[in-house]
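Colleague: Need coordinates for the following:
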Amino acid sequence: MLLFILCAGMFLVQLDVTVVNVALPAIGTGLHAGLAAQQWVVDGYAVTLAAFLLTGGALGDVFGHRRVVLAGFALFGTASAACGLATTAPLLVAARAGQGLGAALLLPGTLAVLTNAYPGHAERARALGIWAGVSALALAAGPVLGGAIVAVASWRPVFWLNVPVVLAAAFATRRLVPRGERVPGRRIDVAGVATAAPALGAGVYAVIDRNVVAGIVAAGALAAFLAVERRSPDPMLPPDVVRRTLSPNFVAAAMNFTGIGAILVLTLYLQGVRHAGPLEAGLGLLPLFGPLSLLAPVAGRLTGRFGPRPLIVAGLALGALGILNLVLLNERSGYAALLPTLLGLGTGMGLLTTAVVTAAVDGIPPERAGVASGVNNTARQAGGALGVAVLGAVVGGPFITGLHEVGLIAGTLWLVAIGVTVCAPRDNPVARAG
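Modeller: Below is the predicted model of the structure:
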C-alpha cells in the first residue's frame, strides 16, 4: 500500500508533463491565448519544476519527507483546481507554475521515502522498478487521456482530474507513511536555495526560449551557487553525493534528453508528416510507452540481481539502435518503418529508468536521500527540457533532414553514455554488481 501511495505522487507529476499538450488548441480557443501563451502553459510547469527540485529534496532532508510530500500534495491539488478555474491565460500559467512547485516537493520526497522504506538493495530495486513503471504509464496515459477528455468534454476537466487523486493520496499518506525523524544538525542552506532556484529556472528557460539574458542570469546564479556551497557548513549539494552520483546522473540527463525530446519529434512527425490527429498520434506512440511501462518492474528485479550497470548498457544500446533508425525514414515511409524506433526507445528506456534511479540513490545515507533524489530528478528534468529545445530546433527546418540529424545526435549521445557507464569507477554505484 505504501508503494502505491508513493507511485500516485509520481503518476501525477509525470502525467502533467504530457496531458496538457493535446489540450493546448482548446485552451487557446477558450482563453483567447496565442501560441506564445500556449507554450507557457507547458513551460510554466516545466521551468518551475526544474528550478525547485533540488530545494524540494533538501527541505525533505531537513523537515522530514512525509511532511514535505504532504505539502506537495496540498500545493499540487490547490494549483490544479486553480488551473481548472482559470479565466485568462496569465492566471492559467501562474497556476501551472504552482503545480510545478508542488511537483518539485512531491518528486524527490516520494523517491526518498521509497528509498528509506526499502533498505535492502534487491527489494529497493524491485520497488523502484514498479515506481518507474508507473512513471512510464503516466507519460503514456497523458496524450491519450488528454485527447479523450478534450474530445468528449473540454480542457478544464484535464486539470480537475488531479484533485480527487490528490485528496485520496494525501489522506493515505497521513495514515500509512511513517512520520520520520528530522536529521540532527541539518539546517536549511538558505544561500544555496536562493541561488540554486534561479540558476536552474533561468537555465531551463534560456534553453526553452533561446533567451540570452536568461542564460546570463543562469550563469551568474550558478557561479554564486558554487561559491556559497564551498563555504557552507551544511551544503545543499554535498560533494560526496555529487562524486558518487556523477555517472548515473549524466546517464539520467542523456536518457531524458533523447527520450523526452524524441517524444516531441515523433509527435510532430506523426501529425505533420503522417497527418494524424492528436488522439491518433497519442495512440501511435503506444509501441514506445508500452514496453517502457511493462519492462520497468522486470528491470527492477534484474537490477536487484545483477546490479545497475548491465541494464544501463543494454538499455542504452537498444535505445541508440532505435533512435538511429530515424535516418532511414522519409516522407513516404509507412508507420511500420517507424516501429523499430518506437520499440527500440521503449525497450531501452524500460531497461534504463529503474537502473539509473537505483544507481543514483544506492548506497547514499538515509539523511542524504532527499538530496540524492533531488539531484537525479534535476538531471532528468533538465535533460528533458534541453532535449525538447535542441531536438525541436533541429527539426525546425526541412523536417525530414532534421529528423535524420535528430537520429544521429541522440544516438551518438547514448553511445557516449555507454562509454561513461563502462568507465565508471568501481566504487561508483553505477558500476556495482548486485
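Colleague: Report the separation between residue 73 and residue 162.
Modeller: Note on residue 73: its distance to residue 162, by CB to CB, to the nearest Å, is 10 Å. Any C-beta I mention is one placed from the backbone N, CA and C, and that applies to glycine too.
Colleague: Between those two, tell me which one has more neighbours.
Modeller: residue 73 (29 against 23; other CB atoms under 10 Å).
Colleague: Please, which helix or strand holds that one?
Modeller: helix 65-85 (DSSP states H and E).
Colleague: Residue 119: neighbouring residues, count only.
Modeller: 9.
Colleague: That one in helix, strand or coil?
Modeller: For residue 119, the assignment made with DSSP: H, G, I helix; E, B strand; the rest coil gives coil.
Colleague: which residues does it contact?
Modeller: Residues in contact with residue 119 (CB atoms under 8 Å, 6 or more residues apart in numbering): none are found.
Colleague: Need the phi and psi values for it.
Modeller: Main-chain dihedrals, residue 119, degrees, to the nearest 10: phi -70, psi -30.
Colleague: Mind pulling up the pLDDT for it?
Modeller: pLDDT recorded at residue 119 is 71.
Colleague: returning to that earlier point: buried stuff in the helix holding residue 73?
Modeller: 65-73, 75-84 (16 or more other CB atoms under 10 Å).
Colleague: do the same with stretch 360-376
Modeller: In stretch 360-376, counting by 16+ other CB under 10 Å, buried: 360-362, 364, 367-376.
Colleague: average model confidence for that stretch?
Modeller: Here stretch 360-376 scores 76 as its mean pLDDT.
Colleague: From start to finish, how long is it in a straight line?
Modeller: 6 Å (CA to CA, to the nearest Å).
Colleague: helix or strand for residue 179, which one?
Modeller: Going by DSSP H and E, residue 179 is not in any helix or strand.
Colleague: Test my guess that it contacts residue 66.
Modeller: Yes - the pair residue 179 and residue 66 passes the contact test of CB atoms under 8 Å, sitting 5.6 Å apart.
Colleague: Nearest residue to the middle of this structure?
Modeller: residue 381 (4.5 Å; CA atoms, centre = their mean).
Colleague: and that one, what element?
Modeller: helix 369-394.
Colleague: How about residue 349?
Modeller: Using DSSP H and E, residue 349 falls in helix 335-361.
Colleague: how about that helix: buried residues?
Modeller: For helix 335-361, the buried set under the neighbour-count rule, 16+ other CB under 10 Å, comprises 338, 340-361.
Colleague: Over to stretch 32-42?
Modeller: Under 16+ other CB under 10 Å, the buried positions of stretch 32-42 are 33, 37, 38, 40, 41, 42.
Colleague: need the helix or strand of this structure with the lowest average pLDDT.
Modeller: Ranking every helix and strand in the chain by mean pLDDT, DSSP states H and E puts helix 2-18 at the bottom, with a mean of 73.
Colleague: what packs against that helix?
Modeller: helix 35-63, helix 65-85, helix 89-117, helix 121-152, helix 162-176 (3 or more CB pairs under 8 Å, 6 or more residues apart in numbering; DSSP states H and E).
Colleague: what about 7 Å?
Modeller: Here helix 2-18 touches helix 89-117, helix 121-152, helix 162-176, going by 3 or more CB pairs under 7 Å, 6 or more residues apart in numbering; DSSP states H and E.
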